[in-house]
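Engineer: Need coordinates for the following:
(one chain, ligands or ions: 1)
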Amino acid sequence: MKRRLFLGKTLAGSVAALLIPKAISAQDTSFSNKNIKTAKGPVSICTWQFIKANAAAAAALESGSDALSAAIKAAEVEELNEKNTTVGYGGSPDREGNVTLDASVMDHLGNCGSVVAVENIVHVAALARDVMEKTPHVMLAGEGAELFAKSLGYKHTELLTEESKESWEEWTKNSKYKPIINIENHDTIGILCLDKEENIGGACSTSGLGYKMKGRVGDSPIIGSGLFIDNTIGGAVATGMGEEVVKTVGSFLIVELMRQGRSPQEACDEAINRITEKQGVDVDFQVAYIAIDKQGNVGSSCIHKGFTYMHYQNGINQNFEVNKYINS
Ligand code: SD4
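Structural biologist: Next comes the predicted model:
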């Protein structure tokens, strides 16, 4: 199966709807949201064009769910989406053919949990929450995480689909030692929710880079890199080449910049700058961030044009092109 192509022109004119509450209506997509006025009420944002996922979070928030539970609902939609080759069931395997998942969650109290390199379990964002709530730890890895999941009743699921197996077999014909890291293979879900109580919670769920080295872990389960929330300030999540996000502790950086007075947009821009000032702007990988503050203002920034994100507020679930990018 072909990995999802890097978005761009394909999004123009597409529709971001498919919502559960009647109050939430369909809207045309792909325009800048810089002029959206902040209003009261829950907000949910997530990476990429995950319409149904963001709608699931929106529905939960509108019916009074706390932010973290809503974020996990969104992650679960993509974890079950076999067409998404970067999350959950149907995620691309590592170079040995094993699908290994990473996820993290964070709540408004500063609690967090994560799981890394988990096999045979679909709902790893929920599992990360269980690590947070039911163990004295923050992270569980590999077999330990899988055993923990099974002890809680998570079912064993073979995550490699026929399609992703075929793609992987195709890849093995010319397999290169270096993982394929470019702007065409990112579909990780990172989601941030602001609930009716004005608390922020978030989640991140991924199968990581396709055909990665066995044991490779990216940014998504690393608190502060793929996800960070400080409920007094705001939250941020990342998608793209995790190694670069980890090196710059991107999500933590964004929240700290907001603490110092930057807007979510300015903070996301600066986090992208931290990468490009070291690596140059002419890089063949993508990194993108989205962020939200306590007032529900959002920011988004990336290296290469084409990143989009979902935004729900006041009954409207929309897909927006990134507010700022470096390379067109
Ligand atoms: C990782 N950040 O494992 C993830 C990959 C990603 O969409 O975002 N894919 O590095």
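Engineer: mind checking which helix or strand A126 is in?
Structural biologist: Element membership for A126, per DSSP states H and E: helix 124-134.
Engineer: Briefly note if that helix comes near the ligand.
Structural biologist: No. Helix 124-134 stays clear of the ligand (C-beta under 6 Å from any ligand atom), getting no nearer than 12.5 Å. C-betas here are computed from N, CA, C, even on glycine.
Engineer: what residues does that helix touch?
Structural biologist: 68, 71-72, 75-76, 79, 88, 101-105, 107, 111-115, 118, 121, 137-140, 145, 148-149, 152, 154, 203-205, 221 (C-beta atoms under 8 Å, 6 or more residues apart in numbering).
Engineer: Mind checking which of those residues land in helices?
Structural biologist: Mapping these onto helices (DSSP state H) picks out 68, 71-72, 75-76, 79, 145, 148-149.
Engineer: Could you check which helix or strand contains I191?
Structural biologist: I191 is located in strand 189-194, with elements delineated by DSSP H and E.
Engineer: typo on my end, Y325
Structural biologist: strand 324-327.
Engineer: Show me which positions of that strand end up buried.
Structural biologist: 324-326 (16 or more other C-beta atoms under 10 Å).
Engineer: gap between the two ends of stretch 294-305?
Structural biologist: Criterion C-alpha to C-alpha, to the nearest Å; first-to-last residue distance in stretch 294-305 is 27 Å.
Engineer: residues of it that come out buried?
Structural biologist: Buried-residue list, stretch 294-305, by 16+ other C-beta under 10 Å: 294, 296-305.
Engineer: Likewise for stretch 311-328?
Structural biologist: Neighbour-count burial for stretch 311-328, counted by 16+ other C-beta under 10 Å, picks out 311-313, 316-326.
Engineer: CA atoms of stretch 119-139 as CSV?
Structural biologist: The C-alpha trace of stretch 119-139 is given here as CSV (Å, rounded to 0.1, in the frame of the first residue of the first chain):
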residue,chain,number,x,y,z
GLU,A,119,3.2,-4.9,19.8
ASN,A,120,-0.2,-6.6,19.4
ILE,A,121,-2.3,-3.9,21.2
VAL,A,122,-4.4,-1.4,19.2
HIS,A,123,-5.4,1.2,21.7
VAL,A,124,-2.0,2.4,23.0
ALA,A,125,-3.1,5.9,23.9
ALA,A,126,-5.6,4.4,26.4
LEU,A,127,-2.9,2.1,27.5
ALA,A,128,-0.6,5.1,28.2
ARG,A,129,-3.4,6.5,30.3
ASP,A,130,-3.5,3.2,32.2
VAL,A,131,0.2,3.4,32.8
MET,A,132,-0.4,6.9,34.2
GLU,A,133,-3.3,6.0,36.4
LYS,A,134,-2.7,2.4,37.4
THR,A,135,1.1,2.1,37.9
PRO,A,136,3.6,4.1,39.9
HIS,A,137,5.5,4.7,36.6
VAL,A,138,5.3,7.1,33.6
MET,A,139,6.7,4.8,30.8
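Engineer: and this structure, which residues reach the ligand?
Structural biologist: 86, 186-188, 206, 208-209, 218-220, 239-242.
Engineer: was I right about G250 contacting A291?
Structural biologist: No. The criterion here is C-beta atoms under 8 Å, and G250 misses it with A291 at 10.0 Å.
Engineer: A55 contacts Y312, doesn't it?
Structural biologist: Yes. In this structure A55 lies within contact range of Y312 using C-beta under 8 Å: 7.2 Å.
Engineer: nearest to the ligand, of the buried residues of stretch 294-305?
Structural biologist: C302 (11.2 Å; C-beta to the nearest ligand atom).
Engineer: what's the angle between the helix or strand containing that closest one and strand 189-194?
Structural biologist: Element membership of C302, judged by DSSP H and E, is strand 298-304. Interaxial angle, strand 298-304 versus strand 189-194 (axes from the mean of the first three to the mean of the last three C-alpha atoms, to 10 degrees): 160 degrees.
Engineer: Distance check, the spatially closest residue to W168 that is not a sequence neighbour against Q313.
Structural biologist: Among residues not flanking W168 along the chain, P93 sits closest, at 5.2 Å (C-beta to C-beta, 6 or more residues apart in numbering). P93 sits 37 Å away from Q313, going by C-beta to C-beta, to the nearest Å.
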